[in-house]
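Engineer: Have a look at this fold, sequence not included:
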Ligand SMILES: [Zn+2]
């Protein structure tokens, strides 16, 4: 099993999101996980497939993983729904986790 598959299961990441990269930094006691939206954009209000408008880089701090700080990074798409306008897609892991702005090591 690849480490991204392991992390995907651990974090309960579901389609259309996928874990594409993970980094363990032993010196700084931190794990950074990259999540990416795969496939077409869907409106979170009507579930219609919509064209992507743009995306925004966002970072969440999750519960520590075996004593290491765990950060989730995602380029979150915004879609342009003909009925609901420009809207951010659903982010299943965001509830209960703290989002903050921080420079991603993936940039
Ligand atoms: Zn819509």
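Structural biologist: Yep, it's here. Source: prediction; values computed, not measured.

Engineer: Near the ion, which residues of the protein? Just list them.
Structural biologist: For the chain, the residues in contact with the ion (C-beta under 5 Å from the ion) are 43, 45-46, 81, 83-84. To be clear about C-beta, it is placed using only N, CA and C from the backbone, and glycine gets the same treatment.

Engineer: Drop anything exposed from those.
Structural biologist: 43, 81 (16 or more other C-beta atoms under 10 Å).

Engineer: can you map out the strands along this structure?
Structural biologist: 17-25, 30-37, 41-42, 49-50, 52-65, 68-81, 85-88, 98-100 (DSSP state E).

Engineer: how long is stretch 59-70 from one end to the other?
Structural biologist: End-to-end distance for stretch 59-70: 10 Å, by C-alpha to C-alpha, to the nearest Å.

Engineer: Need the mean per-residue confidence for that stretch.
Structural biologist: For stretch 59-70, mean pLDDT is 86.
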